[in-house]
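Trainee: Curious how this folds, go ahead:
(2 chains)
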Amino acid sequence: MRDVGDKAISGGAEAKAVKMLPAAPPERWRRLLAIRELGVLIALIALIVIFTFLQPAFLTLDTFGDILTQAAELGVAAVGVTFLMIAGEFDLSVGSTFAFAGVLLALLVTRFSVSPFLAVPAALLFAGVIGLLNGLITLATRIPSFITTLGTMMMWRGLALAITGGWPISILTASTLLDVLGGRAVYSTLRISALWLLIVTAVFWALLGKTAYGNWVFATGGKREAARALGVPVNRVKLINFSVAGVLAGTAGFLQFGRMSSMSPVWGDALALEAIAAAVIGGTSLMGGSGTIVGTILGAITMASIRVGLVMVGAPSYWYTAFLGVVIVLAVILNVKLEETFAWRR
Amino acid sequence: MATVARPAHPLLEARGISKAFGKVQALVSVDFRVGYQEVVGLVGDNGAGKSTLIKIITGVHPPDSGQLFFEGRPAHLASPKEARALGIETVYQDLALVEQMSIARNFFLGNEPIRRVGPLPLLDGATMHRRTEQALREIGITTLRSASQDVGVLSGGERQAIAIGRTMHFGAKLIILDEPTSALSIKETRKVLDYVGQAKRRGLSVIFITHNLYHVYPVSDRIVVLDHGRKIGDFARDAVSIDDLISLITLQREPAREA
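Mentor: I've put the predicted structure just below:
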């Protein structure tokens, strides 16, 4: 940046005018461009404009409720995945943890009549243990977490199918538990799950950006040896984050259970890749060391908007997958280009 | 030069240090000392034993024989952590900085200041920024816009400055710089040499390890030459010229090869 002036002088007056521009941007612009979620914000706004143009009913509170409902379950799981990706690891098993923990909760409260006050913490603890196991296997054997969790993804999916015989487990009567997890609220299409999403987002946003632990997470994923040399307990950070990914995947399963009054062992089979997609759309690096929780939530809302929007404009549902694929690639290209162009911004 | 009352003993003293790795004798009865507020250039060709000596001083390896004294007291360093607790800090070539994180976040990594909001221990961002910017000004960096810049956009010299400033800020007494100028431009190198001078003026001692006599000569008070694990020279800087040092290193090499 400091060389720009020297080069510009030899490059003549026009070159100088052009090249000086990025060197001294107004403070206000610099701050806007410094927002790490800029890429996903642009993508989301563009999608909203397009869908509203095609179907004016898209821009209503009802639609917003639908989108938040979709985004809540994906978003909660994706926050955990993001937290782990920033620390430099993957969890492909979150979809299976989602299903297993959801089925476990459903079984406990239905077949074993366990009080929800006991069943919810127990099932969450189990989800955390699933995550912790992923971490222990990965760190003890030094195989990539991509492989560890590919294996545990299949294992926990298989176990969920085995303990249910492949059948969904339903609650057919009125249930406070279901209402609290995913019941309707305030207006017709909005659900309590949106509140859970808000809470999870706030907690992990604060944890990552406003605590010493958050600093350790970035450092662990950014340059593990440097973090270790400065006294950061990198292995403990990874184990904690693996566990968090498990707990939040389980939580997402509970939200779906609340919304559907039923939990099927086959649900969530695409969740892991969708959660990673939400994270990378929101600017999280696949290499670890950078990412934001708000970006991931915006990524999840973007994906939910595509799903709801395509239905509203009358596109057959299979277009969702194709369209989503295009959006993922475009959003990541946008993120990378913004990062390259405005590397000076911070 | 500052005239502070100094203790009779040096800050660091190594007596008769020997170390072998298998059949390779890396160090042979080396005496080495660093005074208070002294910059010592540690030079020698590849394989001379510079890194081994440093690893013994920083607690990475124990010596086979010989003794270490720090601030006049015997020091038995079982780990780098113990060396750091005494105030011996190393700034490595790869710097221990995380590119994706801001300067302030790097500066306080592992030592984060906390303020309590109710029961919650939160990162004290304002203090981090203020103290980082203050520390960087003290060491003489004026080119950085703010401590919230990512380390990834900084030059090699600026990164060196941050790594050196960090060790100074957290109470190091002896800073060991391992080839700090090997990957830098001439301009950047000059800046890093300035930082070494700043560290000394602020009362610290520095061991400056390098191949490049031209970098170490202007900032050193004393220059120690190692060759094949032995100390072959220990000169006050003013008592020796660069040419003397070069011929010492190269002449020592020739018979060694023929033998």
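
Trainee: Does B:V206 fall in a helix, a strand, or a coil region?
Mentor: With DSSP: H, G, I helix; E, B strand; the rest coil as the basis, B:V206 sits in strand.

Trainee: With B:A26 instead?
Mentor: Quick answer, by three-state DSSP: B:A26 is strand.

Trainee: ok, the spatially closest residue to B:L86 that is not a sequence neighbour - contacts?
Mentor: Distances taken as C-beta to C-beta, 6 or more residues apart in numbering or on different chains place B:F70 nearest to B:L86, at 5.3 Å, with adjacent residues excluded. In short, each C-beta sits where N, CA and C put it, glycine included. Contact partners of B:F70, counting by C-beta atoms under 8 Å, 6 or more residues apart in numbering or on different chains, are B:L11, B:L12, B:E13, B:L86, B:G87, B:I88.

Trainee: same deal with B:K200?
Mentor: B:K200 touches B:Q37, B:E38, B:V39, B:V206, counting by C-beta under 8 Å, 6+ apart.

Trainee: Show me what the host helix or strand of A:I130 packs onto, helices and strands only.
Mentor: A:I130 belongs to helix A:116-141 when assigned by DSSP states H and E. In terms of contacts (3 or more C-beta pairs under 8 Å, 6 or more residues apart in numbering or on different chains; DSSP states H and E), helix A:116-141 is packed against helix A:94-110, helix A:145-164, helix A:176-182, helix A:234-260.

Trainee: centroid residue for the chain?
Mentor: Here I'm looking at chain A. Closest residue to the average C-alpha location of chain A: A:A78 at 2.1 Å, with C-alpha atoms, centre = their mean.

Trainee: actually chain B
Mentor: Centroid-nearest residue in chain B, with C-alpha atoms, centre = their mean: B:I176, separated by 1.4 Å.

Trainee: Could you look up the SS state of that one?
Mentor: B:I176 ends up strand, using three-state DSSP.

Trainee: roughly how far apart are A:I42 and chain B?
Mentor: 21 Å (C-beta to the nearest C-beta, to the nearest Å).

Trainee: Now for that residue: which residues touch it?
Mentor: A:L334 are the contacts of A:I42 under C-beta under 8 Å, 6+ apart.

Trainee: Quick check: residues of chain A near chain B?
Mentor: Contacts of chain A with chain B, taken as C-beta under 8 Å from any C-beta of the partner chain, map to A:1-2, A:206, A:209-212, A:214-216, A:218-219, A:222-223, A:225-227, A:229-232, A:285, A:289-290, A:343-344, A:346.

Trainee: for chain A, what are the nearby residues on the stretch 101-250 of chain B?
Mentor: Residues of the stretch 101-250 of chain B lying near chain A (C-beta under 8 Å from any C-beta): B:101-102, B:105, B:108-112, B:114, B:121-123, B:125, B:143, B:148-150, B:152-153.

Trainee: Mind doing that once more with 10 Å?
Mentor: Residues of the stretch 101-250 of chain B lying near chain A by C-beta under 10 Å from any C-beta of the partner chain: B:101-106, B:108-114, B:117, B:120-125, B:128, B:143, B:145-146, B:148-153, B:155, B:163, B:166, B:170.

Trainee: Derive a ChimeraX selection command for the buried subset of those.
Mentor: Here is the ChimeraX command that selects the buried residues among those (16 or more other C-beta atoms under 10 Å in any protein chain shown):
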select /B:101,102,103,104,105,106,108,109,110,112,122,123,124,125,128,148,149,150,151,152,155,163,166,170
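
Trainee: Which of the residues of the stretch 101-250 of chain B next to chain A fall within strands?
Mentor: B:I114, B:V117, B:L120, B:P121, B:L122, B:L123 (DSSP state E).

Trainee: want to throw those residues into a markdown table with pLDDT?
Mentor: Output for these, formatted as a markdown table (pLDDT from 0 to 100):
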| residue | pLDDT |
| --- | --- |
| B:I114 | 92 |
| B:V117 | 89 |
| B:L120 | 89 |
| B:P121 | 92 |
| B:L122 | 93 |
| B:L123 | 93 |
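
Trainee: any idea how far the residue nearest to B:T58 when sequence neighbours are not counted lies from chain A?
Mentor: The shortest distance from B:T58 to any non-neighbouring residue, by C-beta to C-beta, 6+ apart, is to B:A83 (4.6 Å). Distance of B:A83 to chain A, given as C-beta to the nearest C-beta: 12 Å.

Trainee: got a list of what the residue nearest to B:M101 when sequence neighbours are not counted touches?
Mentor: Excluding its sequence neighbours, the residue lying closest to B:M101 (C-beta to C-beta, 6+ apart) is A:F218, at 5.3 Å. A:F218 makes contact with A:86-88, A:208-209, A:227, A:232, A:237, A:288-291, B:98, B:100-102, B:105-106, B:109, according to C-beta atoms under 10 Å, 6 or more residues apart in numbering or on different chains.

Trainee: Wait, the residue nearest to the centre of chain A touches A:A300, no?
Mentor: Yes: with contact defined as C-beta atoms under 10 Å, A:A78 counts as touching A:A300 (5.3 Å).

Trainee: Name the residues contacting each of these two.
Mentor: Applying C-beta under 10 Å, 6+ apart, one finds that A:A78 and A:A300 are jointly contacted by A:A71, A:E274, A:A275, A:A277, A:A278, A:A279, A:I281, A:G282.

Trainee: Please could you give me each C-alpha atom of the host helix or strand of the residue nearest to B:M101, formatted as CSV?
Mentor: Here A:F218 sits within helix A:212-222, counting by DSSP H and E. Extracted in CSV, the C-alpha atoms of helix A:212-222 (Å, rounded to 0.1, in the frame of the first residue of the first chain):
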residue,chain,number,x,y,z
ALA,A,212,-10.2,-15.0,25.2
TYR,A,213,-11.5,-18.4,24.2
GLY,A,214,-12.6,-17.0,20.8
ASN,A,215,-9.1,-15.7,20.3
TRP,A,216,-7.8,-19.2,20.9
VAL,A,217,-10.2,-20.7,18.4
PHE,A,218,-9.0,-18.4,15.6
ALA,A,219,-5.4,-19.0,16.5
THR,A,220,-5.8,-22.8,16.7
GLY,A,221,-7.3,-22.9,13.2
GLY,A,222,-5.1,-20.2,11.8
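
Trainee: helices and strands around whatever helix or strand comes next after it, which ones?
Mentor: Remark: after helix A:212-222, the chain's next helix or strand is helix A:224-229, criterion DSSP H and E. If contacts are counted by 3 or more C-beta pairs under 10 Å, 6 or more residues apart in numbering or on different chains; DSSP states H and E, helix A:224-229 sits against helix A:212-222, helix A:234-260.
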